[in-house]
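In: below is the sequence, then the predicted model.
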Amino acid sequence: MTDLIEALRTPVADQGTGNVNIGMAVSRVDGRDKVTGQARYAAEHWPQADEGPLLYGVVVSGSIAKGRITAIHTAAALALPGVVDVISHENRPRIRSFDIFYKDMTAPGGSPFRPLYDDQVLYSGQPVALVVAETFEAARHAAALVRIDYDVEPHETYLLQHRGRAHTPSRLKAGYTPPPDTKGHPDDRWDSAAVKIEGEYYSGVEHHNPLEMFASTVIRGADGHLTIYDKTQSSQNSRWYVSHVFGLSKDKVTVRNPYVGGAFGSGLRPQYQLPLAVMAALKLERSVRVVLTRQQMFSFGHRPETQQRVRLAAEPDGTLSAIIHEALAETSRIEDYVEVVVNWSGELYACEHIRLGYKLVDLDHASPMDMRAPGAAHGVHALEVAMDELSYALKMDPLALRLKNYADVDPSHGLPYSTKELRACYEQGAARFGWDKRPLEPGTMREGRELIGWGMATGMWDAMQMFARASAVLHADGNLVVSSAATDIGTGTYTAMSIIAADAMGLPLERVRFQLGDSTLPVAPIEGGSSHVATVGSAVDGVCDKLKERLFKMARKMDGSPLAKARFADVEFAGGGVRLAGRPEVGVSLTEIMAASGEARIEEKYMMLPNMLKQMKYQRATHSAVFVEVRVDPDFGTVRVTRVVSAVAAGRIINAKTARSQIIGGVVWGIGQALHEETLCDHHEGRFMNHNLSEYHVSVNADIHDIDVIFVQEDDRIVSKIGAKGVGEIGQVGVSAAVCNAIYHATGRRVRSTPMTPDKVMRP
């Protein structure tokens, strides 16, 4: 019923004419290709007949956590029919040695991992060889026959056991903002506070498990040019990496990623199958495909194990008097992977006394990696659970406590918000959920044997904008092609950019085509951090503005033009033409303009640069309020999340349909974070053990019930010229905390570690 009500409230595109405006609910323009199988992913591209048959590579994974390779036994593998080569550090083609050549556009400080570079083993599951064969089956069989001898060294893989050697991280990762300096006197205020709480919150390791596994297909042309189909969140980042590692001119490498089967941060950095496939292609002068197995999807980065300590102090009326938030997270031995974990505690609630701290412990694991809402997924969880604990200490409604400490300016920096409709999120979300009917005391709602609990939490994520270029070509038949090297990782980029262009040019959607996923297209940033729409979307809008100005000048020069004396400010682009605003009968069509000019096509280019001088004067963020109902079996500790309301303020929503899907996906992942997902390490072996989807639990259909999404009206022209922010990350932030708080309301049992499995929830 809630879906029906939401649909009635949301204007839907006219699928007959294709006329669209920003904010409508529009089906994906690439949807038909995806459901019919015509959309091809990284492992589904093939060489042309004149480019020779494809070879297949299968990775051999290391079995120790730390040490050196002393011997690689390949005779049995090479003896198999169809096996072409076994590539290792002993016989690979030449690659560069300096760290700088391995740093992709999102690399943290330190020395990036260099696959098959030398005999050193840095973590369990590290690639140690690549078997290449004429068929995948032969390569897989041969990979099982390769034997490796090691000189094993002692390893350390447990964060909590080695917290004594924590260090302050390097500040060299792009986008990383270290915690701000201490504000006021938080420790003194906490010591003398009338009401205070303290808690430690642990989050286990999580691994990416998108539907599409990582793959690279390298097609070698007769001239040696490499066309690479890679699973990545940036074709240009992968090209950058390949050209630098192998010393190739960027003109000799083209990377394409027209379709990506889910990434969520896992594709921000090139994964190791990419350089291995290129190695094989260069050495053997053949086209090569390398696809990781599902088990090998657990052999690179992950959301890091994290331990947090939060202390909150308040006056008896609920006014926060001190916030202290410290975090300890893992990184690898070679890089300082960093996340913004604690900063949210200095930005979300009004407080005059704040101290934040963040340190790392280097372990013998692969470098962690960004995973949906990196840093915030853990950091906001700890803060929001602590706020819930404080509300009970104050005997105060959790929502009332948050409203009491609502921040009208950024507490850490004193900056105003570009826009902030969080209060409306609270109000609309609470009303839709029925929060006013919630009893204050835990354990007071029951149905049958199940205890019922209601919890809530706040969500926050940065509203970012990068720089981007876009080109637009209008053809004589009135069809528009807009291009940028953007990426669609399943978020709906094709559709959102087509909507922006169609809305700007006044064209039906079917006459607009957006091109992405090719490193030769105009520069675009890596798709991540919920910045793509605000960035590339603004570039698309900008190039359409340039095209409209040019078309208007052309229209004025037409013989007998009805717009000869008009000003640009007096016209609008609509209905496939340009006309006087409010007078649709006075105008000309775009096809008429093109015919009069005699041009087959006209093109404009645009570079979108953020207005940093203006933006830096504001705190820019998306916000949400998440309300959750759980039902708990107190004897078995099983938890069902039966109802979620997520109210989101994320600027202008470009496509209501795909934006809603983004939030639903984030909520589902938040439920997985809360109840299911954790990769367990055998610290004796230094190895992740449940590296498969039968033992690494993710949310399935039976775990998901009613999810209601509300988009609060917001228009932010500081963040972007089109008023949009982004919805990819905010959907997950706060969900796990709301689940935790609902479990406490149901049972009176506070669980301070995720996932909140039945053994932690059941009655003692």
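Out: Sure, I can see it.
In: Arg303 pairs with what?
Out: Here Arg303 sits in beta bridges with Glu206, as judged by DSSP bridges.
In: quick one: it and Phe264, what's the gap?
Out: Counting by Cβ to Cβ, to the nearest Å, the separation of Arg303 from Phe264 is 10 Å. To be clear about C-beta, it is placed using only N, CA and C from the backbone, and glycine gets the same treatment.
In: where does this structure have low pLDDT?
Out: Counting by pLDDT under 70, the low-confidence segments of the chain come to 1-18, 172-175, 763-764.
In: domain-wise, how is it divided?
Out: 9-39+466-609, 375-464+616-764 (automatic domain parsing).
In: re earlier: name the residues contacting each of Arg303 and Phe264.
Out: Applying Cβ atoms under 8 Å, 6 or more residues apart in numbering, one finds that Arg303 and Phe264 are jointly contacted by Met371.
In: of the two, give the one with the bigger neighbour count.
Out: A side-by-side neighbour count of Arg303 and Phe264, using other Cβ atoms under 10 Å, places Arg303 first with 28 against 25.
In: and that one, what does it touch?
Out: Residues in contact with Arg303 (Cβ under 8 Å, 6+ apart) are 203, 205-207, 368-369, 371, 374, 377-378.
In: show me which positions of the strand or helix carrying Asp362 end up buried.
Out: When elements are assigned from DSSP states H and E, Asp362 belongs to strand 354-363. With burial defined by 16 or more other Cβ atoms under 10 Å, the residues of strand 354-363 counted as buried are 354-358, 360-363.
In: for the residues you listed, which one is nearest Arg438?
Out: Using Cβ to Cβ, the shortest approach to Arg438 within the buried residues of strand 354-363 belongs to Ile354, at 29.4 Å.
In: give the bridge partners for that closest one, please.
Out: The bridge-partner assignment for Ile354, based on DSSP bridges, gives Lys183, Ile323.
In: one more: the one 5 residues further on?
Out: Lys359 has the following beta-bridge partners by DSSP bridges: Leu328.
In: go ahead and confirm it touches Leu328.
Out: Yes. At 5.5 Å, Lys359 counts as touching Leu328 under the criterion of Cβ atoms under 8 Å.
In: wait, what's in contact with His745?
Out: For His745, the residues meeting the contact criterion (Cβ under 8 Å, 6+ apart) are 438, 442-443, 445, 453-455.
In: that one belongs to a strand?
Out: No. Following the definition DSSP: H, G, I helix; E, B strand; the rest coil, His745 is helix and is not counted among the residues of a strand.
In: from the contact counts, what lies against the longest helix belonging to the chain?
Out: When secondary structure is assigned using DSSP state H, the longest helix within the chain turns out to be helix 532-556. Based on contacts counted as 3 or more Cβ pairs under 8 Å, 6 or more residues apart in numbering; DSSP states H and E, the elements that helix 532-556 packs against are strand 468-475, strand 480-483, helix 493-505, strand 571-574, strand 577-580, helix 590-597, strand 601-608.
In: ok now the strand holding Asp362, how far from the chain's centre?
Out: Between the mean C-alpha location of strand 354-363 and the chain-wide mean there is a distance of 23 Å, by Cα atoms, centre = their mean, to the nearest Å.
In: can I get it in PDB, CA atoms only?
Out: The C-alpha coordinates for strand 354-363 follow below in PDB (Å, rounded to 0.1, in the frame of the first residue of the first chain):
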ATOM      1  CA  ILE A 354      34.300  17.800  21.200                       C
ATOM      2  CA  ARG A 355      37.300  15.600  20.900                       C
ATOM      3  CA  LEU A 356      37.800  13.200  18.100                       C
ATOM      4  CA  GLY A 357      40.600  10.700  17.400                       C
ATOM      5  CA  TYR A 358      41.400   8.100  14.700                       C
ATOM      6  CA  LYS A 359      44.300   5.700  14.600                       C
ATOM      7  CA  LEU A 360      45.400   2.700  12.500                       C
ATOM      8  CA  VAL A 361      47.000  -0.700  13.200                       C
ATOM      9  CA  ASP A 362      48.900  -2.300  10.300                       C
ATOM     10  CA  LEU A 363      48.200  -6.000   9.900                       C
END
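In: now whatever helix or strand comes next after that strand: buried residues?
Out: Using DSSP H and E, the helix or strand that follows strand 354-363 in sequence is helix 376-394. In terms of neighbour count (16+ other Cβ under 10 Å), helix 376-394 has its buried residues at 376-392, 394.
In: give me the contact list for the following helix or strand past helix 376-394.
Out: Following helix 376-394 in sequence order, the next helix or strand is helix 398-404 (DSSP H and E). Helix 398-404 is contacted from outside by 317-319, 349, 387-388, 390-391, 394, 396, 423, 426, 430, 435, 455-456, 458, 741, using Cβ under 8 Å, 6+ apart.
In: can you check stretch 582-592 too?
Out: Around stretch 582-592, the neighbours that count as contacts under Cβ under 8 Å, 6+ apart are 474, 476-478, 505, 507, 551, 555, 558, 561-563, 571, 574-580.
In: let's see 6 Å
Out: When contacts are defined by Cβ atoms under 6 Å, 6 or more residues apart in numbering, stretch 582-592 is touched by residues 478, 555, 562, 576-580.
In: one more: stretch 275-287?
Out: Counting contacts by Cβ under 6 Å, 6+ apart, the residues outside stretch 275-287 that touch it are 47, 51, 54-55, 57, 87, 92-93, 115, 130, 132, 216, 218-220, 242, 245, 288, 290.
In: can you verify Asp181 is assigned to a strand?
Out: No. Remark: Asp181 does not belong to a strand; assigned using three-state DSSP, it is coil.
In: mind listing what it touches?
Out: Applying Cβ under 6 Å, 6+ apart to Asp181 gives no contacts.
In: and the gap between it and Pro634?
Out: If you measure Asp181 against Pro634 using Cβ to Cβ, the figure is 46 Å.
In: go on, Ile72?
Out: Here Ile72 is placed at a distance of 55 Å from Pro634 (Cβ to Cβ).
In: now do the helices in the stretch 651-764 of the chain.
Out: Counting by DSSP state H, counting those that start in this stretch, the stretch 651-764 of the chain forms helices over residues 656-675, 735-747, 758-761, given from the N-terminal end onward.
In: got the buried residues for stretch 163-181?
Out: Residues 166, 169-170, 173, 176, 179-180 are the ones in stretch 163-181 that count as buried (16+ other Cβ under 10 Å).
In: what's the local residue count around the nearest residue to Met607 once chain neighbours are set aside?
Out: Spatial nearest neighbour of Met607, excluding adjacent residues (Cβ to Cβ, 6 or more residues apart in numbering): Arg469 at 4.9 Å. Residues lying near Arg469 (other Cβ under 10 Å) number 20.
In: so Arg469 is in contact with Pro525, correct?
Out: No. Because the distance of 10.3 Å does not satisfy Cβ atoms under 6 Å, Arg469 is recorded as not touching Pro525.
In: what sits closest to the residue most central in space within the chain if chain neighbours are left out?
Out: For the chain, Phe264 is the residue whose C-alpha lies nearest the centre (Cα atoms, centre = their mean; 3.8 Å). Nearest non-adjacent residue to Phe264, counting by Cβ to Cβ, 6+ apart: Arg372, 4.6 Å away.
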